[in-house]
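Novice: Output the structure for:
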Amino acid sequence: MNCPLCREALAERGFFCKSCAAQVRCKSCRELLEPAAMACVECGTRVGQSAEHPDNGASLVSAGVQPLRNTLSYQETRSNRTFQASLSDAAIQGLSEVLGDFFVQRGTVRPHHQTPPAAKKELALQPSPSAPTESGTNRNAQHIPEPAPVGDAPPDRSRILRLFHANGDALELTDNRLKAKSGSDFLRRLTYLSLYAHELHGRRSVPYDQLRTILRSAKAWDVSGNAQRWIAKRVGLAEDGEDKLKLTATGREDAVKALNEALDSNIQDDWNPDKKVPRKLGPRKKA
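Specialist: Numbers count the residues shown, from 1 in each chain. Take a look at the predicted model:
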């Protein structure tokens, strides 16, 4: 059988809970008392009294003898916090609900009743500002905002989607006006932006074949092998496992800079594949 207040297992003998010190059995018939009861529902004996001595507490006080005392002792781990109190049966009964709420904060089960606000004000057993709780944090400390959930979209995700279209795990370049100065600059910007776009969608690294596909679709993968040789230099790039690439800190900074410039309408777009004009061949020399 468990205590109705703190749910601690009750001993077979005695009238009080060894954990929260509340009277849990009638002193007359030993029936289990209901929570917040003023008297036993079986025999009618008031809480704190017995059938043989119905006014035991009052007679003791009038005779100048202190009534029976209930000693409470509480200890807190990690902070050496201790609490001791000596209370009469009547005081224990009056504070039983408040003590129940206090021990609920310490991890016990809350009884199925609410504590009146007036009773809560009588006993301020709140954790001290300097003492940690079970989780190691201070309940009364200044509130620190929780970090944003992992699922929240990064600020640049909506901006990067002005250049790319997400199709599952693949990305398609929808705006090739990257404000590049030359073909090699376009290749560099598109590489950084592609990896950055995948990173903003939760993919820290991208298979090499997937990067090559988007470079080819944007006409940045030339047959002469310039793109392949540049990627092999790993400028702002790093390998992540087998045949996967990711941005380094420097590459990420370059990607953010390229994104800002690509979305800046005040910067002129000097070169992109659509503006590339094939070079005219001169007359063939005679042998």
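
Novice: Tally up the residues packed near the closest residue to residue 269 other than its chain neighbours, please.
Specialist: Counting by C-beta to C-beta, 6 or more residues apart in numbering, residue 269 lies nearest to residue 177, which is 4.4 Å off, once chain neighbours are set aside. From N, CA and C alone the C-beta is placed, and that goes for glycine too. Summarising burial for residue 177: neighbours were counted as other C-beta atoms under 10 Å, giving 16.

Novice: same thing with the one 5 residues further on?
Specialist: For residue 182, the neighbour count with other C-beta under 10 Å is 10.

Novice: Give me the neighbour count for the closest residue to it other than its chain neighbours.
Specialist: With C-beta to C-beta, 6+ apart as the measure, residue 271 is the residue that lies nearest to residue 182, at 5.6 Å, once sequence neighbours are left out. A count of nearby residues for residue 271, using other C-beta under 10 Å, gives 17.

Novice: do the one 4 residues further on as well
Specialist: For residue 275, the count of nearby residues is 11 (other C-beta under 10 Å).

Novice: what's the pLDDT at the closest residue to it other than its chain neighbours?
Specialist: In space, and not counting its chain neighbours, residue 275 is closest to residue 269: 7.8 Å by C-beta to C-beta, 6+ apart. As predicted, residue 269 sits at a pLDDT of 94.

Novice: from memory residue 39 sits against residue 31, does it?
Specialist: No: here residue 39 does not reach residue 31: they are 11.0 Å apart, not a contact under C-beta atoms under 8 Å.

Novice: The residue nearest to residue 182 is in contact with residue 184, isn't it?
Specialist: No: taking contact to mean C-beta under 8 Å, the distance of 9.6 Å between residue 271 and residue 184 leaves them out of contact.

Novice: show me where pLDDT drops low in the stretch 1-150 of the chain?
Specialist: Regions of the stretch 1-150 of the chain meeting the criterion pLDDT under 70 cover residues 51-69, 77-80, 87, 90-150.

Novice: where exactly do the strands run in the stretch 151-287 of the chain?
Specialist: Listed from the start of the chain, the stretch 151-287 of the chain has strands (DSSP state E, counting those that start in this stretch) covering 164-167, 170-173, 206-207, 237-239, 244-247.

Novice: The third one packs against which elements?
Specialist: Right, the one you point to is strand 206-207. With contacts defined as 3 or more C-beta pairs under 8 Å, 6 or more residues apart in numbering; DSSP states H and E, the secondary structure elements packing on strand 206-207 are helix 183-200, strand 244-247.

Novice: switch to 7 Å and redo it
Specialist: strand 244-247 (3 or more C-beta pairs under 7 Å, 6 or more residues apart in numbering; DSSP states H and E).
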